[in-house]
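Sequence and predicted model, in that order:
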Amino acid sequence: AKKHGRNRYHFFTKDLNEAILKVINLNKEMRTALKNGDYKLFYQPKVCLKDSKIIGVEALIRWIDKEKGFIPPSDFIPLAEENDFILELGDWIVEEALNQYLDWKSKGIDIVMSINISAKQFLQNNFAKNLIDKINSKKIEPNRIILELTEYILIDQNNSVYATLRKLNKFGISISLDDFGTGYSSLSYLKKYPIDYLKIDKSFIDDSFNEQGKVFIETIVKMGQALHMKIVAEGVEQQEQVEYLKSIDCNLYQGYYFSKPIKAKEFEEFYKSLEKN
Ligand code: C2E
Ligand code: CA
Ligand code: CA
Ligand code: CA
């Protein structure tokens with residue numbers, strides 16, 4: 001038994017070493033990928049439930065490695081958030097999304113652009129100022145830009161979060177609270193902070209076929225709208241869900257039912273094909 005135990009210990013150490021090496025490699029590769037231009041933003045349409053029109057897109061990052069192929073954001077965003085690489089990557093994401101917004105606008109596709117911002121990125125000194133300067137210098141109307149933030153950011157203990165949100169809000173940028181209902185939800189900050197959109201997490205939308213699930217969704221919609229927020233349903237995959245969300249006056253939705261996140265060029269063609277009809 002002892003021998004067995006020691007072997008097992010040995011085995012675990014080997015596994016652990018491999019895991020550590022993997023993380024170290026990934027850390028290096030993440031940075032190289034930025035230099036090599038291996039990140040791409042994909043775009044998922046945000047659709048108005050009332051008239052089925054596209055009002056905007058959410059930018060979602062993809063890492064396309066020449067050897068490993070497609071690496072999903074869940075495999076590297078958390079790691080990037082653990083060290084400061086997310087700041088560099090986040091800057092690239094913002095720049096890229098704003099430029100795409102302008103490119104589409106010049107082609108007559110005037111839609112709102114939603115950008116995911118991670119906590120560390122948002123909590124940097126001068127985040128608001130730098131973003132506002134950037135948007136000004138590109139002559140973008142701030143009300144065409146939405147930042148998607150998770151609840152995690154709002155539980156920050158000091159008041160810097162409030163000041164940053166106020167600054168962005170006064171300038172005209174919209175704030176969307178992402179993954180609503182999954183995090184450290186506290187309703188008090190819905191009152192306290194200037195939030196324009198509530199995004200109901202997919203896990204709630206998945207539950208829209210049972211009565212209890214519906215109670216949650218309808219409560220979030222009613223509460224958010226009473227606080228003058230627009231409600232976005234995320235991860236909508238079926239027509240029945242669209243009908244249901246429409247029936248309860250939810251404002252917007254995203255999901256595979258309408259479209260997966262797609263390349264900019266693909267979105268452009270999709271958008272134009274819809275305009276013709
Ligand atoms: P998120 O912001 O909650 O994004 C929604 C995720 O759900 C996306 O996964 C999207 O592709 C996926 N999704 C959308 N509709 C459906 C659907 O109908 N069914 C299913 N099964 N999935 C759907 P993705 O692109 O893999 O991104 C995962 C997460 O990674 C995002 O969650 C976000 O937290 C993070 N992320 C992605 N791009 C960025 C980025 O540019 N910056 C930052 N900071 N985080 C990002
Ligand atoms: Ca999001
Ligand atoms: Ca989510
Ligand atoms: Ca999220």
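Arrived safely. Ligands and ions are numbered 1, 2, ... in the order given.

For Tyr43, which non-adjacent residue is spatially closest?
Excluding the flanking residues, the one nearest Tyr43 by CB to CB, 6 or more residues apart in numbering is Val57, at 4.0 Å. Yep, even glycine has a C-beta here, placed from its N, CA and C like the rest.

Ile54 too?
Pro45 (4.7 Å).

Ok, Lys272 next?
Sequence neighbours aside, Ile109 is the residue nearest to Lys272 in space, at 7.9 Å (criterion: CB to CB, 6+ apart).

That neighbour belongs to a helix?
No. Ile109 is assigned coil when assessed by DSSP: H, G, I helix; E, B strand; the rest coil, not a helix.

That one: what's it in contact with?
By CB atoms under 8 Å, 6 or more residues apart in numbering, Ile109 lies in contact with 268, 271-272.

now do Val236
With contact set as CB under 8 Å, 6+ apart, Val236 has these partners: 205, 242, 245, 253-258.

Closest one to ligand 2 out of those residues, please.
The closest of those to ligand 2 turns out to be Gln254 (CB to the ion; 8.7 Å).

can I assume the closest one is in contact with Gln241?
No. Between Gln254 and Gln241 there is no contact under CB atoms under 8 Å: 11.6 Å.

which residues are in contact with both of the two?
Common neighbours of Gln254 and Gln241, using CB under 8 Å, 6+ apart, are Ala233.

Tell me which of these two has more neighbours.
Gln254 (25 against 21; other CB atoms under 10 Å).

my read: Leu274 touches Ile54, true?
Yes. Using CB under 8 Å, Leu274 is in contact with Ile54, at 7.0 Å.

okay, those two: which has more neighbours?
Ile54 (20 against 12).

so what's that one bridging to?
With DSSP bridges as the criterion, Ile54 is bridged to Val47.

From what I see, it and Tyr43 are in contact.
No. Taking contacts as CB under 8 Å, Ile54 lies outside contact range of Tyr43: 10.2 Å.

Flag the shaky bits of this protein, pLDDT-wise.
Filtered on pLDDT under 70, the chain yields the residue ranges 1-12, 156-158, 184-185.

residue boundaries of the strands in the protein?
Applying DSSP state E to the chain gives strands spanning 39-48, 54-65, 69-71, 112-116, 145-150, 174-180, 197-200, 230-233, 252-253.

The longest one vs ligand 3: in contact?
No. In terms of CB under 5 Å from the ion, no part of strand 54-65 sits within range of ligand 3; the closest distance is 10.4 Å.

again, but for the fourth one
No. Under the criterion of CB under 5 Å from the ion, ligand 3 is not reached by strand 112-116; the shortest gap measures 9.8 Å.

Output that strand in PDB, but only the C-alpha positions, please.
Output of strand 112-116 as PDB, limited to C-alpha atoms (Å, rounded to 0.1, in the frame of the first residue of the first chain):
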ATOM      1  CA  VAL A 112     -24.000  50.100 -31.500                       C
ATOM      2  CA  MET A 113     -20.800  48.300 -30.500                       C
ATOM      3  CA  SER A 114     -20.600  46.400 -27.200                       C
ATOM      4  CA  ILE A 115     -17.200  45.700 -25.800                       C
ATOM      5  CA  ASN A 116     -16.400  43.300 -22.900                       C
END
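
which bits of the protein sit near ligand 3?
Checking the chain against ligand 3 by CB under 5 Å from the ion, the hits are 179, 201.

From the centroid of the chain, which residue is nearest?
Centroid-nearest residue in the chain, with CA atoms, centre = their mean: Asn116, separated by 3.7 Å.

Tell me which residues touch that residue, please.
58-61, 93, 148, 178.

swap in Met113?
Here Met113 is in contact with 56-57, 59, 97-98, 100-101, 144-146 (CB under 8 Å, 6+ apart).

So which of the residues you listed wins on neighbours?
Val57 (29 neighbours).

List the residues that contact that one.
Residues near Val57 by CB under 8 Å, 6+ apart: 43-46, 111-114, 267.

And it, how far from Met113?
Distance of Val57 to Met113, given as CB to CB, to the nearest Å: 6 Å.
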